[in-house]
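Colleague: got a predicted structure plus its sequence, pasted below:
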Amino acid sequence: MNTLKFLSKSLRFYSYRLNREHTANFISIKKIIPDYQNLETQCNCYLENLKLNDPIAPITNITTKVSDISPKSMIPVYKRHVLLIDETSSSKQAHMNWQSKLEDNDESVYPYGILKRIKEKNLQLMKQQNEECLPILMNVIELVNIAEDPVSAQDSTKTGKKYKLLCLPEWKVLSFDENSIEQVSDLVNKSNLSEHFEHLDNNKIKLSTFHEDNLLLICGHNQRDTRCGVMAIELITKMKSNDPVGFISHIGGHKFAGNIILYKQQKHETNSYWFRHINPLVADEILEQAKKGIMVSEFYRGSASFKN
């Protein structure tokens, strides 16, 4: 336990040295929507009407002292987001069955057990003070409105357990089988993903490009907290956004659901924008502002910028 605590502290220190917060402009919702008090009332009525046993916190910060000044970032610090793509449900309902702590599964629980293996490899490399080791963040995602790649569909019909990891900010997908888990666990924990991939002697590991410029991830981890599960469905069914979207496992802030991450790829960098307290009444406006590089202060959790 002491070793794990030490490594966790080291990882946080290392992360702060590497990660850089995205420089953005901030604006208060009061300047976007003059009748913000009416908006607050509408939002709170909307949340009450969800009739949750454990209700989502009311939006009270809209009329408080939040200003155009950059709020403090409250997100994890990381250099790569490793996302296990869950394709176990053709009806896109896998997220409803994600157990509370997916990272605790052993490898017998497909496909989630790989998260524990990657985490253990990260701790091992940190303990060895490996200079190439990156601070990583791990989650499971279920993509909703992205067409399946024909090659991937063909691979999925073969026997054996198949895995896919989306790595951001590289916008690359690693596809591999159960016999390649150890090599991939090592690969995703190191910098220069494409360069290390080229040196692999394993033709069963494939690296492809994720052909999207934006990716919207909504926390829908229902068994971790029902508030996230309910609000995720509300958002996906009622937002007007045409962005590629997916459910993501726990990213914190249950009582301030919905929690959203927007990844936006530009020429030389990828930005991640994290938001809280998003509901269908405000979602489209906040996301539209974010795409312009403008953060709505009241709903902001944090942001980070990564070189492509």
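Modeller: Happy to help now that I have it.

Colleague: distance of residue 172 relative to residue 89?
Modeller: Separation of residue 172 from residue 89 (CB to CB, to the nearest Å): 24 Å. C-betas here are computed from N, CA, C, even on glycine.

Colleague: those two: which is more packed in?
Modeller: Counted by other CB atoms under 10 Å, residue 172 and residue 89 do not tie: residue 172 has more neighbours, with 17 against 12.

Colleague: please give me every residue in contact with that one.
Modeller: Contacts for residue 172 (CB atoms under 8 Å, 6 or more residues apart in numbering) come out as 166, 193, 194, 207, 208, 209, 210.

Colleague: just the pLDDT for it.
Modeller: The score at residue 172 is 97. That number is its pLDDT.

Colleague: how about residue 81?
Modeller: Residue 81 is given a pLDDT of 97.

Colleague: measure the nearest residue to it once chain neighbours are set aside to residue 136 for me?
Modeller: Spatially, and ignoring its direct neighbours in sequence, residue 81 is nearest to residue 168 (4.4 Å; CB to CB, 6 or more residues apart in numbering). Distance from residue 168 to residue 136, counting by CB to CB: 10 Å.

Colleague: between those two, which contacts overlap?
Modeller: Contact criterion CB under 8 Å, 6+ apart; residues shared by residue 168 and residue 136: 80, 81.

Colleague: name the residues of whichever strand or helix holds residue 305 that come out as buried.
Modeller: Using DSSP states H and E, residue 305 maps to strand 300-307. By neighbour count on 16 or more other CB atoms under 10 Å, the buried set for strand 300-307 is 300, 301, 302, 303, 304, 305, 306.

Colleague: gap between that strand and the chain center?
Modeller: 12 Å (CA atoms, centre = their mean, to the nearest Å).

Colleague: so which residues of the stretch 51-200 of the chain form strands?
Modeller: Applying DSSP state E, counting those that start in this stretch to the stretch 51-200 of the chain gives strands spanning 80-85, 136-143, 162-168, 172-177.

Colleague: just list what the first one packs against, helices and strands only.
Modeller: If I follow you right, that is strand 80-85. Under the contact criterion of 3 or more CB pairs under 8 Å, 6 or more residues apart in numbering; DSSP states H and E, strand 80-85 touches helix 114-127, strand 136-143, strand 162-168.

Colleague: and the angle from that strand to strand 172-177?
Modeller: 50 degrees (axes from the mean of the first three to the mean of the last three CA atoms, to 10 degrees).

Colleague: could you dump strand 80-85 to CSV, C-alpha only?
Modeller: The C-alpha trace of strand 80-85 is given here as CSV (Å, rounded to 0.1, in the frame of the first residue of the first chain):
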residue,chain,number,x,y,z
ARG,A,80,-2.4,10.2,-22.9
HIS,A,81,-6.0,9.0,-22.6
VAL,A,82,-6.2,5.3,-23.2
LEU,A,83,-9.8,4.3,-24.1
LEU,A,84,-11.0,0.7,-24.3
ILE,A,85,-13.6,0.6,-27.0
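
Colleague: and the contacts of that strand?
Modeller: The contact list for strand 80-85, computed with CB under 8 Å, 6+ apart, reads 111-112, 114-115, 118, 134-143, 163-170, 173, 188, 193, 248, 263, 272.

Colleague: select only the buried ones of these in PyMOL?
Modeller: PyMOL command restricting these to the buried ones, with burial defined by 16+ other CB under 10 Å:
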select buried, resi 111+112+114+115+118+134+135+136+137+138+139+140+141+142+143+163+164+165+166+167+168+169+170+173+188+193+248+263+272
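
Colleague: touching, residue 77 and residue 135? I think so.
Modeller: Yes. Contact status for residue 77 versus residue 135: in contact at 6.5 Å, counting by CB atoms under 8 Å.

Colleague: what about residue 259, how many neighbours?
Modeller: Count around residue 259 with other CB under 10 Å applied: 27.

Colleague: wait, it touches residue 299, no?
Modeller: No. Assessed by CB under 8 Å, residue 259 is found out of contact with residue 299, at 10.2 Å.

Colleague: tell me, what's touching the two both at once?
Modeller: Common contacts of residue 259 and residue 299 (CB under 8 Å, 6+ apart): 275, 276, 278.

Colleague: among these, which lie within strands?
Modeller: Of the shared contacts of residue 259 and residue 299, the ones assigned to strands by DSSP state E are residue 275.

Colleague: weed out the non-buried ones from the shared contacts of residue 259 and residue 299.
Modeller: The neighbour-count criterion (16+ other CB under 10 Å) marks 275, 276, 278 among the shared contacts of residue 259 and residue 299 as buried.

Colleague: what count of nearby residues applies to residue 239?
Modeller: By other CB under 10 Å, the residues close to residue 239 number 19.

Colleague: show the backbone phi and psi for it.
Modeller: As for residue 239, its main-chain torsions (degrees, to the nearest 10) stand at phi -70, psi 150.

Colleague: one more: residue 209?
Modeller: The phi and psi torsions at residue 209 (degrees, to the nearest 10) take the values phi -90, psi 140.
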